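*Asks:* Starting from these lines, generate the structure:
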Amino acid sequence: MKKYFPLLLIYLLVVSCRDKEPVIIPVENPLELHPNHYRQNVLIESLCGEWNSASIESRAQLEALRLQNLGRIFVANFHHQDWLETPYTQSLISFLGGTIGLPKAAVNRLPGSNTELQEDNQIWLSPINWNAAALRQLSQEAPLALALESGIAENANAYLNIYIAHRQAFEKDIRVQIYLVEDSIKNIFQQGALSAYHHPSVFKEILSAETGDTLILNEAFPEGNIRQKKYEQINLSNYNLQKLRFIVMIYQYDSDFRKRQILNVQEVKFGGTKYWDL
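*Replies:* Sure, this is the predicted structure:
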């Protein structure tokens, strides 16, 4: 019996330790599970027009960049002086400091750095500078993360739920903006294109206030916190739902347009769910 006693003692110690292990209850909703890290995504807000033949090549460049970094880079093409222009186009141009000529684009609303064509410290950049600016952002760690879910409610109107994960406190003016973007819209007068040409990633509408809705994130949570914001009663009757995407950005507002930095951005197709960085 003595030779079995050490084995019995070890067994009892293992069982005792097991009894003291914490009971882990899995979270049923993955959207309520805090992400391990905050991956930095990129929004490219571009200016284009059917009267401008260079817009064809520039949009192809952005679509290639978006597809090469699927789920990381998002594009909203703002049409200028054509039938797809919205009142928000000129407002955005002014909001980000003004620009001359097309095509141009803002990359996470950050000033250019180490640019070609002497565009340092400018928000609106020429196509030659887009790739480097976007890839530089992708290598960064974001200060917060986003997850999204969208669909149709019982009253036939749409809804969008936004989940915001963060640890640090944000003392400045933090806002959320929501873009509606529609794909594959057939051109009418696009210069330099075949008649069958379709416009990609066309900005159609903004769901939040024009310069965004205020978020209160002024409390720090070392273990992580998830804040939820809901948008309901969304009328999408004028859109092709199969080609519709929501782009949601969290940005820092400042009176200086060069400091209106996008902290992070996320996208979801209508009727879909985007689980953090999956």
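*Asks:* For the stretch 1-150 of the chain, give me the ranges with low pLDDT.
*Replies:* 1-28 (pLDDT under 70).
*Asks:* Tell me which stretches of it form strands.
*Replies:* For the stretch 1-150 of the chain, strands defined by DSSP state E, counting those that start in this stretch occupy the ranges 42-48, 73-79, 104-107, 144-152.
*Asks:* Make a markdown table out of these and add mean neighbour count and distance to residue 235.
*Replies:* Quick note: C-beta positions are derived from backbone N, CA and C, even for glycine. A markdown table is the format used below for those (neighbours: other CB atoms under 10 Å; distance: least, CB to CB, whole Å):
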| stretch | mean neighbour count | distance to residue 235 |
| --- | --- | --- |
| strand 42-48 | 25 | 24 |
| strand 73-79 | 24 | 20 |
| strand 104-107 | 27 | 28 |
| strand 144-152 | 21 | 11 |
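*Asks:* will you turn these into TSV that also has distance to residue 166?
*Replies:* Formatted as TSV, these follow (distance: least, CB to CB, whole Å):
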stretch	distance to residue 166
strand 42-48	18
strand 73-79	20
strand 104-107	23
strand 144-152	4
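*Asks:* closest one to residue 201 among those strands?
*Replies:* strand 73-79 (4.3 Å; CB to CB).
*Asks:* Next, the angle strand 42-48 makes with the closest one.
*Replies:* Interaxial angle, strand 73-79 versus strand 42-48 (axes from the mean of the first three to the mean of the last three CA atoms, to 10 degrees): 20 degrees.
*Asks:* Can you say which helix or strand has residue 247 in it?
*Replies:* Taking DSSP states H and E as the criterion, residue 247 maps to strand 244-252.
*Asks:* how about that strand: buried residues?
*Replies:* By neighbour count on 16 or more other CB atoms under 10 Å, the buried set for strand 244-252 is 244, 245, 246, 247, 248, 249, 250, 251, 252.
*Asks:* go on, stretch 164-184?
*Replies:* Quick answer for stretch 164-184 (16+ other CB under 10 Å): 164-166, 170, 174-183.
*Asks:* What is the most widely separated pair among these?
*Replies:* Checking these with CB to CB, the most distant pair is 170 and 183, at 32.7 Å.
*Asks:* returning to what we had before: can I get the buried residues of stretch 164-184 in CSV with pLDDT and secondary structure?
*Replies:* CSV is the format used below for those (pLDDT from 0 to 100; DSSP: H, G, I helix; E, B strand; the rest coil):
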residue, pLDDT, secondary structure
164, 97, strand
165, 96, strand
166, 96, strand
170, 95, coil
174, 97, strand
175, 98, strand
176, 98, strand
177, 98, strand
178, 98, strand
179, 98, strand
180, 97, strand
181, 97, strand
182, 97, strand
183, 96, coil
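*Asks:* between these, which is nearest residue 261?
*Replies:* residue 174 (10.7 Å).
*Asks:* Could you tell me how far the closest residue to residue 189 other than its chain neighbours is located from residue 103?
*Replies:* Take residue 189 and drop its neighbours on the chain: the residue closest to it by CB to CB, 6 or more residues apart in numbering is residue 50, 4.7 Å away. As for residue 50, its distance to residue 103 is 12 Å (criterion: CB to CB, to the nearest Å).
*Asks:* One more: residue 200?
*Replies:* On the measure of CB to CB, residue 200 and residue 103 end up 13 Å apart.
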